[in-house]
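Participant: coords below, sequence missing:
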């Protein structure tokens, strides 16, 4: 499965199995996406590869450790390594195809915007669940 930024200068590829996605409703994700939530997935670093455009990636990071990678040309958010360098955070909107991918979880629902209406039946968490719980949930449909 391939993904790309809006201008197509940055392209990446994911190898199966592809996990489901989560939507994070925290204030940082709302600000970085400009939307009610940020839809993303976490995939093992071994399943991720850059095809082209790494030289076009820029980064912003806060003092607290929140980071955002983006295309220097079109501004699209881009995948980046998790803090422990074992997995990649992948913005779901960059994927060229989405067949079989579902929203498995909503995170930080206690801090969602007042106007945000969560429309799926995915599991909701007041804040961030522990990594093992989230990973199991995002990969549960692949284990069936």
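Facilitator: That came through fine. Because the structure is predicted, anything quoted here is derived from the model rather than measured.

Participant: longest helix in this structure, please.
Facilitator: Assignment by DSSP state H gives helix 131-139 as the longest helix of the chain.

Participant: elements contacting that helix?
Facilitator: strand 21-24, strand 38-44, strand 103-107 (3 or more Cβ pairs under 8 Å, 6 or more residues apart in numbering; DSSP states H and E). All C-beta atoms are positioned from the backbone trio N, CA, C, and that covers glycine.

Participant: what about residue 29, which SS state?
Facilitator: helix (DSSP: H, G, I helix; E, B strand; the rest coil).

Participant: doesn't residue 110 belong to a helix?
Facilitator: Yes. Per three-state DSSP, residue 110 lies within a helix segment.

Participant: wait, isn't residue 33 in contact with residue 77?
Facilitator: Yes. Counting by Cβ atoms under 8 Å, residue 33 touches residue 77, with 7.1 Å between them.

Participant: what does the longest helix of the chain contact?
Facilitator: 17, 19-22, 41-42, 104-105, 107, 123, 128-129 (Cβ atoms under 8 Å, 6 or more residues apart in numbering).
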